[in-house]
Structure formats: structure tokens, C-alpha cells
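Colleague: Kindly return the folded structure for what I paste below:
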Amino acid sequence: MVTKDTVNCIKQTYGTLQLSEGSAGFDIQQAWLIKQYIPSKAFGVIYGASGSYKSFAVLDMCCCLAANKTWNTQKVEGCAVVFIAAEGAVGIKRRIRAWEIAHKTNVNNLFVLDKSLSPSEPEERIKLVNAIFELEKQHSIKIGLIVFDTLSRCFIGDENTARDMGHFILGCETLIKTTTATVLCIHHSGKDQSKGCRGSSKLFADADFVFQLQRPAGTSLSVSLVNHKQKDDEPAKTLGMIFEKVTLGIYCDEGQPVSSLVRIDQALTDSPDNIPENTIVKVLSTIFDGSCNRSELRNAFFPKTTGNISARERTQFSRILKKALESGQITIKQISTKASDSDQISLVH
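Modeller: Below you'll find the predicted structure:
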């Protein structure tokens, strides 16, 4: 089977240019870091409003790649990762440690830079490339992903102008060509979240893949990951991810335990068969302290910032609820003969 890595085999050199003829290469398959979600050797963006767990979600992907561990049942191409923690490394390190504790796995191939670095500046870009080559040589590894957290902290100029955004994107594309790694930027939503990520529309236009993290009000530990663009493949399924607190075994100066958030092992998709039986227990215990009404629980499973859930999602939720009730995991106190949003749902202790 032809892959992207063998694309040059179908090209011929004419003068100083390489050209392919006709449909040669139509059967080239997309290569992935995370199957159906993060492509290899690509430029992408994951964005969301402040507090939408952007770094937590991206670090979850990074840790799975570095540890060569399946991400949400999706196959990964294990690789080392460089994470540009332009907003501070202490919090990032604690999130990585929480992931290690939750998964009982050490993350050894995730390297964190604790300062901003702009890919649009040649001198800074060269420093990063040289560091990557040195890492690969010393540790006998391959850096497959470079993360900028956040784009704005690593950006020089006005992100609202196509010219400055173009310089940034060109710098990222140069990194991809030089290192053969995917570049992923964590970014913010605009004032109107329905209009996409902040800044020039050139960012969305030039990206190979774009995801949005949506966190609704009232569901403090749940978000949905929505794929708005997947240039060379079908859009990935929307995932509803639920996070839980993990204590790190250290204490603050006031003697209180320090904790961080970790995604529950499997995210929720639009297929009832993909949802583990104990998920409803985790949602009730983690987010709602054991009890909530039907509406609150449904919104935790299908988090949305605007609009209503679909008929298919309502059916899926009913199946999940019925399964948990029949297995004796929950009780439902209905306020009338018909199911109501105000019905109280509680864990059986």
C-alpha cells in the first residue's frame, strides 16, 4: 500500500522541479499520529474558550503518544513530543504527573520547554530544530509532535492580520518540513465562539486539522471535542470527555493536597456500544457528588455550549440510563408518570 512517506516514488524530476503525472498517487493513504484525529506531518489547531481544559486535553494526547498508549480506543503512532509551555511549566508538569498516576505509566519521551518560542523568527526556529535533532540523537527517539501552548504566547505581531498570521504559519510549516513532526497550536476562541478561533481566518484556512473544545456551564469537569476540519479525511467523531481530580502526593504551603485533572479512560462517542457500563457511576460521583437531575446528567454526557442535543443523543442517553438502572447502579425518583428533566438520579451506595 502506498503511504505519504513513499509519495516521492511517483514523481519525476523536470529541470529543478518534481512533478507527478495524471492520477498517480491517488491511493496514497493518510498517515496518523492518532488515528482519525491527529495526522502526521501536519499543521493543526485545538482551540476553545478560557477554562475549556485545552491544555489538559492536548496533554492527554501527548502522554498517550509518548507512552505509546491507545488514545480513546484509537491507534497511535508512538513518538516523542516537544511541548512549548509558554504559559508556565509547573502546571504542565503537574498535569503530566496526574496522567502518570492515573495510568500507572511513566512518561519519558515528553520534553517541556518552559518559555515562549516563536516559529516565525528564524533564529528561534533554528534553536528549536537543533534542540530536536540533539534530543533525537541522544535518546535514539523520533520527535513526532511539537505543541505550542498557546499560539498567542508564541506569536509576534497582530494575530488579526493575514500577513502576520501567514508568517507564523510559514514558520510552523518550515518546522514540519525540517523535522517531519506535526505542529499543533493550542489557541483561544474569539469573542463569539460560534465564529471559530481568535484572529485571522487564514489560520483556519491553512490548517490541516482544527478542533474545538466546548465546555458548557454547569458541568464543571466535562468538555466536548469537536472536529471542524480534517483536510485529507472525514471529520472525526465528536467526543465528550470527562475529567476527574487526581491527588499528586504533595502539599501546598497551607498543608492542603495538590491535585490536577485527568480524563476518564474512555471518552463518550455517538455509539452506545462504546460507552463502558461504569461511566455513569464515574459521572455522578465525580461531577455531581452522587446525585443530580436528569437534565444535568444528560448535559454531562453530551456537553454543548449552545443548542439542544439531538434525538439520537437522547436515545443513547436513555439506553445508558436504563442499563445502569437495571444493573442496580442508580435509582431514579420521578416527579410524574413520565420522564422529566427534574427527575432525581442518584448512585446506589
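Colleague: okay, CA-based contacts and neighbour counts for the rest of this
Modeller: OK.
Colleague: Next, T178: secondary structure please.
Modeller: Three-state assignment for T178 (DSSP: H, G, I helix; E, B strand; the rest coil): helix.
Colleague: give the contact list for it.
Modeller: V129 (CA atoms under 8 Å, 6 or more residues apart in numbering).
Colleague: Distance-wise, check it relative to F243.
Modeller: According to CA to CA, to the nearest Å, T178 and F243 sit 36 Å apart.
Colleague: Show me what stretch 197-208 is in contact with.
Modeller: Against stretch 197-208 from outside (CA under 8 Å, 6+ apart): 42-45, 47-48, 159-162, 165-166, 169, 187-191, 210, 229-232.
Colleague: Could you do stretch 54-71 as well?
Modeller: With CA under 8 Å, 6+ apart as the test, stretch 54-71 has contacts from 33-34, 46-48, 76-81, 92, 95-96, 99, 105-110, 145, 149, 186, 213, 261-263.
Colleague: Using neighbour counts, trim the residues you listed to the buried set.
Modeller: For those, a neighbour count by 16 or more other CA atoms under 10 Å gives the buried set as 33-34, 46-48, 76-81, 92, 95-96, 99, 107, 109-110, 145, 149, 186, 213, 261-263.
Colleague: who's in contact with M165?
Modeller: 158-159, 200, 202-203.
Colleague: same thing but 7 Å
Modeller: Contacts for M165 (CA atoms under 7 Å, 6 or more residues apart in numbering) come out as 159, 200, 202-203.
Colleague: Generate a markdown table for the residues you listed, with distance to T16, neighbour count and secondary structure as supplementary columns.
Modeller: Formatted as a markdown table, the contacts of M165 follow (distance: CA to CA, whole Å; neighbours: other CA atoms under 10 Å; DSSP: H, G, I helix; E, B strand; the rest coil):
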| residue | distance to T16 | neighbour count | secondary structure |
| --- | --- | --- | --- |
| E159 | 35 | 20 | coil |
| S200 | 34 | 17 | coil |
| K202 | 30 | 17 | helix |
| L203 | 30 | 22 | helix |
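Colleague: Just send those back as TSV, with distance to L248 and pLDDT too.
Modeller: Shown next, in TSV, are the contacts of M165 (distance: CA to CA, whole Å; pLDDT from 0 to 100):
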residue	distance to L248	pLDDT
E159	37	95
S200	39	95
K202	41	96
L203	37	97
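Colleague: now, which of the buried ones among the contacts of stretch 54-71 lie within strands?
Modeller: Secondary structure from DSSP state E places 33-34, 46-48, 80-81, 110, 145, 149, 186, 213, 261-263 of those in strands.
Colleague: State the pair within those that is farthest apart.
Modeller: Maximum pairwise distance among these (CA to CA): 25.1 Å, between G48 and A80.
Colleague: Give me the buried subset of the contacts of stretch 197-208.
Modeller: For these, buried by 16+ other CA under 10 Å: 42-45, 47-48, 159, 165-166, 169, 187-189, 210, 229-231.
Colleague: Where do the helices of the stretch 151-300 of the chain begin and end?
Modeller: In the stretch 151-300 of the chain, helices defined by DSSP state H, counting those that start in this stretch lie at 162-179, 202-206, 279-287, 294-301, listed in chain order.
Colleague: Out of those, which one sits most buried?
Modeller: Neighbour counts (mean count of other CA atoms under 10 Å) averaged over each of the helices of the stretch 151-300 of the chain peak at helix 294-301, with a mean of 21.
Colleague: hey, C-alpha coordinates of it in PDB?
Modeller: Output in PDB follows, covering the C-alpha atoms of helix 294-301 (Å, rounded to 0.1, in the frame of the first residue of the first chain):
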ATOM      1  CA  ARG A 294     -31.900  14.100  34.600                       C
ATOM      2  CA  SER A 295     -31.100  17.300  32.600                       C
ATOM      3  CA  GLU A 296     -27.800  17.900  34.400                       C
ATOM      4  CA  LEU A 297     -26.700  14.300  33.900                       C
ATOM      5  CA  ARG A 298     -27.600  14.300  30.200                       C
ATOM      6  CA  ASN A 299     -25.700  17.600  29.600                       C
ATOM      7  CA  ALA A 300     -22.700  16.000  31.300                       C
ATOM      8  CA  PHE A 301     -22.800  13.100  28.800                       C
END
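Colleague: Same question for the following helix or strand past it: list its buried residues.
Modeller: Counting by DSSP states H and E, the element after helix 294-301 in chain order, helix or strand, is helix 311-326. Counting neighbours by 16+ other CA under 10 Å, one finds that the buried residues in helix 311-326 are 313, 316-317, 320-321, 324-325.
Colleague: Which members of those define the maximum pairwise distance?
Modeller: Longest span within the buried residues of helix 311-326, CA to CA: E313 and L325, 18.2 Å.
Colleague: hey, least reliable of the helices of the stretch 151-300 of the chain by pLDDT?
Modeller: Among the helices of the stretch 151-300 of the chain, helix 279-287 has the lowest mean pLDDT, at a mean of 78.
Colleague: That one to helix 294-301, inter-axis angle?
Modeller: Angle of helix 279-287 versus helix 294-301, following axes from the mean of the first three to the mean of the last three CA atoms, to 10 degrees, is 100 degrees.
Colleague: where's G255 relative to G249, distance?
Modeller: The value you get for G255 to G249, if CA to CA is used, is 11 Å.
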